[in-house]
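Q: Just to be clear, the model below is a prediction. Sequence and coordinates:
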There are 2 protein chains.
Amino acid sequence: MSASIHEADSQTGLPQRPHDGLPRVAGPDSGEVFTPRAAPGDDLPTFSPLYRQIKARLLRALEEGEWKAGAMIPSEGGLARRFMVSQGTVRKAIEELATEHVLVRHQGRGTFVATHHEERAQFRFLRLRKDTGGLPATESRIIECRRCRPPAEVARELRLRAAESAIFIRRLLSVDRAATVLDEIWVPAGLFRGLNIERLEAHHGPLYALFERNFGVTMLRAHERLKAIACPAEQAQWLGLAEGSAVLLVDRVSTTYNDQPVEVRKGYYLTREHHYANELL
Amino acid sequence: MSASIHEADSQTGLPQRPHDGLPRVAGPDSGEVFTPRAAPGDDLPTFSPLYRQIKARLLRALEEGEWKAGAMIPSEGGLARRFMVSQGTVRKAIEELATEHVLVRHQGRGTFVATHHEERAQFRFLRLRKDTGGLPATESRIIECRRCRPPAEVARELRLRAAESAIFIRRLLSVDRAATVLDEIWVPAGLFRGLNIERLEAHHGPLYALFERNFGVTMLRAHERLKAIACPAEQAQWLGLAEGSAVLLVDRVSTTYNDQPVEVRKGYYLTREHHYANELL
DNA sequence: TAGTGGTCTAGACCACGTG
DNA sequence: ACGTGGTCTAGACCACTAT
């Protein structure tokens, strides 16, 4: 424990006050701690518990790269001393980050920054499954990778300014040698300088692992919109289908810290021997 | 609260031992408590923490109908006395059940058994969204409801015995007067005695709310498999489509307590102005 | 053996909803 | 004013991993 102001208290015979009883407020989870509540009358600053403020500070540290993907973060005790709160409070903050897959806890080993370099993360963002039940072993072939002006809707979803351009990637995923998913991907060119087809082809494993390792961009969440459509001619050709065949279109917007969108993806899924699996809880 | 044998203990002036220090084991979350660890050598009984045993006992009580859907369960303090554990342990058990949407907590009011009679639950099992963004206001029309022998695959998914029959429901969901989803539903006849088209038509609101109120069957989870298919003639007619149009087929198996499957559903989604929304975390 | 996360307890106080 | 869940703390011990 840090030899802090509080330590002095415990040297007196005082009843070891549990905590100082000050209500805490903060903007939407800013880093403020021990801020007294605003005068009664203003409403908006709304109550924010200590552990959420700690969570916000951990997120800020992660976003600023204090700990890289895959690295161990300090122990609960260490963080408790750093933030001047009890271990239990740090624990609750970490627990929320763990359920959001931002951190991963390992009993006896420590707490680590989640990474896409794992089997686990692999199928969190790929819901394709074989109808027979198993997980599909996919093989990726990069078709093209070029700088471009994205379609207006994609630019809006990526929140690009008018002048900004994107990098466009087209790739084909095959399962058991059979073309199954055609992905069309846009990412902001500014965030992925130097991304080209050679680097993509040199990489093996999930695309998000490459994004993470080479560009420091960690995908945390994605929102998907699914439709059944008649496959356009161009995409049908890559999938070896007749134009107009029914395909599953998966429209994805992926986000990193602060819900910042950093990837838009349109996936054309051939669902003859595969399906998109989803669990409703 | 049950005035059980254990109550006597708290009347003695004992130092209220934190806990007895006995390691707890149990089968896969059976109701066993305070069972000492098996001799070192056998491995399988695997450690089960107290709060999971409490969780299992709460689940058993729920399954046995001790508290009906929508009802308030005893307070944390009351449950702690009943189960002879600390409030914090009960709290952790309830927390898990709340994240699984089995229970719902309301600060200042109490903890309640989750129910499908709420706006909240409505769209947890219906992922249909308008392309324009809003939630669709759906209107349901029952097409038919009859007892039948289900297809072999459905019977297997419902774990029906050879002699058991099912009830088949076909209904059409419309959004803004336009047919949008055709649902074909099978449920075990044994669990839904008396379910007929009159009762279905008399009911307004989510189907699962009717299942819950009239038959005591609470849907807790569902697994869905999505495919894009060419719409068969019969279903196309109900949706007002040309045969062979691309439709989204949503294959669902719903389960209640103990992961017991109690409904199989095939939904044919017209995704021209709507889509299936999914969040990847 | 040392260090980490995991469990369990006890008690104080806060925020919320209802009388 | 009361009862409920929500937060925070402190401390003990258990389980797991690495050295």
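A: Okay, I see it. From a predicted model like this one, the values you see are computed outputs, not experimental measurements.
Q: quick one: the strands in the stretch 151-281 of chain A?
A: A:166-175, A:178-188, A:221-230, A:246-255, A:261-269, A:274-280 (DSSP state E, counting those that start in this stretch).
Q: ignore the last one, the stretch 1-150 of chain A
A: A:72-73, A:103-106, A:110-113, A:128-130, A:138-148.
Q: Out of the ones you listed, which is closest to B:Glu243?
A: Distance to B:Glu243, taken as C-beta to C-beta, is lowest for strand A:128-130 among these, at 27.5 Å. Quick note: C-beta positions are derived from backbone N, CA and C, even for glycine.
Q: Pull up the gap between A:Ile197 and A:Pro188, please.
A: 18 Å (C-beta to C-beta, to the nearest Å).
Q: now the strands of the stretch 151-281 of chain A in CSV, with mean neighbour count?
A: Shown next, in CSV, are these (neighbours: other C-beta atoms under 10 Å in any protein chain shown):
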stretch, mean neighbour count
strand A:166-175, 20
strand A:178-188, 21
strand A:221-230, 20
strand A:246-255, 21
strand A:261-269, 22
strand A:274-280, 18
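Q: could I get those strands as a markdown table with distance to DNA strand D?
A: Converted to a markdown table, the strands of the stretch 151-281 of chain A look like this (distance: least, C-beta to the nearest atom of the strand, whole Å):
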| stretch | distance to DNA strand D |
| --- | --- |
| strand A:166-175 | 32 |
| strand A:178-188 | 35 |
| strand A:221-230 | 22 |
| strand A:246-255 | 24 |
| strand A:261-269 | 29 |
| strand A:274-280 | 23 |
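Q: wouldn't A:Ser254 be in contact with A:Val262 here?
A: Yes - in this structure, A:Ser254 is within contact of A:Val262 by C-beta atoms under 8 Å, at 6.2 Å.
Q: Common neighbours of the two, please.
A: Taking C-beta atoms under 8 Å, 6 or more residues apart in numbering or on different chains as the contact rule, A:Ser254 and A:Val262 both touch A:Met219.
Q: Now mean pLDDT too, for the strands of the stretch 151-281 of chain A, in TSV please.
A: Formatted as TSV, these follow (pLDDT from 0 to 100):
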stretch	mean pLDDT
strand A:166-175	98
strand A:178-188	98
strand A:221-230	98
strand A:246-255	98
strand A:261-269	98
strand A:274-280	98
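Q: sorry, back to before: which one, of the strands of the stretch 1-150 of chain A, ends up nearest to DNA strand D?
A: The minimum distance between DNA strand D and the strands of the stretch 1-150 of chain A falls on strand A:103-106, with 6.3 Å, by C-beta to the nearest atom of the strand.
Q: pLDDT of stretch A:139-151, averaged?
A: Taken as a whole, stretch A:139-151 has an average pLDDT of 97.
Q: Residue ranges in chain A under the pLDDT threshold?
A: Along chain A, segments meeting pLDDT under 70 span A:1-46.
Q: Can you show me the helices along it?
A: Applying DSSP state H to chain A gives helices spanning A:5-11, A:50-63, A:76-83, A:87-99, A:119-122, A:152-157, A:197-202, A:207-215, A:233-239.
Q: How about residues contacting stretch A:95-115?
A: By C-beta under 8 Å, 6+ apart, stretch A:95-115 touches A:51, A:55, A:58-59, A:62, A:67-73, A:75-76, A:94, A:121, A:124, A:209, A:212, A:218, A:220, B:99, B:281.
Q: let's see 7 Å
A: A:55, A:58, A:62, A:67-73, A:75, A:94, A:121, A:212, A:220, B:281 (C-beta atoms under 7 Å, 6 or more residues apart in numbering or on different chains).
Q: Quick check: residues of the stretch 101-250 of chain A near DNA strand C?
A: Residues of the stretch 101-250 of chain A lying near DNA strand C by C-beta under 7 Å from any atom of the strand: A:Arg105, A:His106, A:Gln107, A:Gly108, A:Arg109, A:Gly110, A:Thr111.
Q: buried subset of the residues you listed?
A: The neighbour count (16 or more other C-beta atoms under 10 Å in any protein chain shown) marks A:Thr111 as buried among those.
Q: could the residues of the stretch 101-250 of chain A next to DNA strand C go into a markdown table alongside distance to DNA strand D?
A: Formatted as a markdown table, these follow (distance: C-beta to the nearest atom of the strand, whole Å):
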| residue | distance to DNA strand D |
| --- | --- |
| A:Arg105 | 11 |
| A:His106 | 6 |
| A:Gln107 | 4 |
| A:Gly108 | 2 |
| A:Arg109 | 5 |
| A:Gly110 | 9 |
| A:Thr111 | 13 |
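Q: Which two among the residues of the stretch 101-250 of chain A next to DNA strand C are spaced furthest apart?
A: Every pair of those checked by C-beta to C-beta; the farthest is A:Gly108 and A:Thr111, at 11.4 Å.
Q: tell me the phi and psi of the residue nearest the centre of chain A?
A: In chain A, the C-alpha nearest the mean C-alpha coordinate belongs to A:Leu220, at 0.6 Å (C-alpha atoms, centre = their mean). Main-chain torsions, A:Leu220, degrees, to the nearest 10: phi -110, psi -40.
Q: Pretty sure it sits against A:Ser254.
A: No - the pair A:Leu220 and A:Ser254 does not pass the contact test of C-beta atoms under 7 Å, sitting 8.2 Å apart.
Q: what's the closest of the strands of the stretch 1-150 of chain A to B:Cys148?
A: Smallest distance to B:Cys148 across the strands of the stretch 1-150 of chain A (C-beta to C-beta): 29.1 Å, for strand A:128-130.
Q: Please parse chain A into its domains.
A: Domain assignment of chain A by automatic domain parsing yields the ranges A:5-113, A:119-276.
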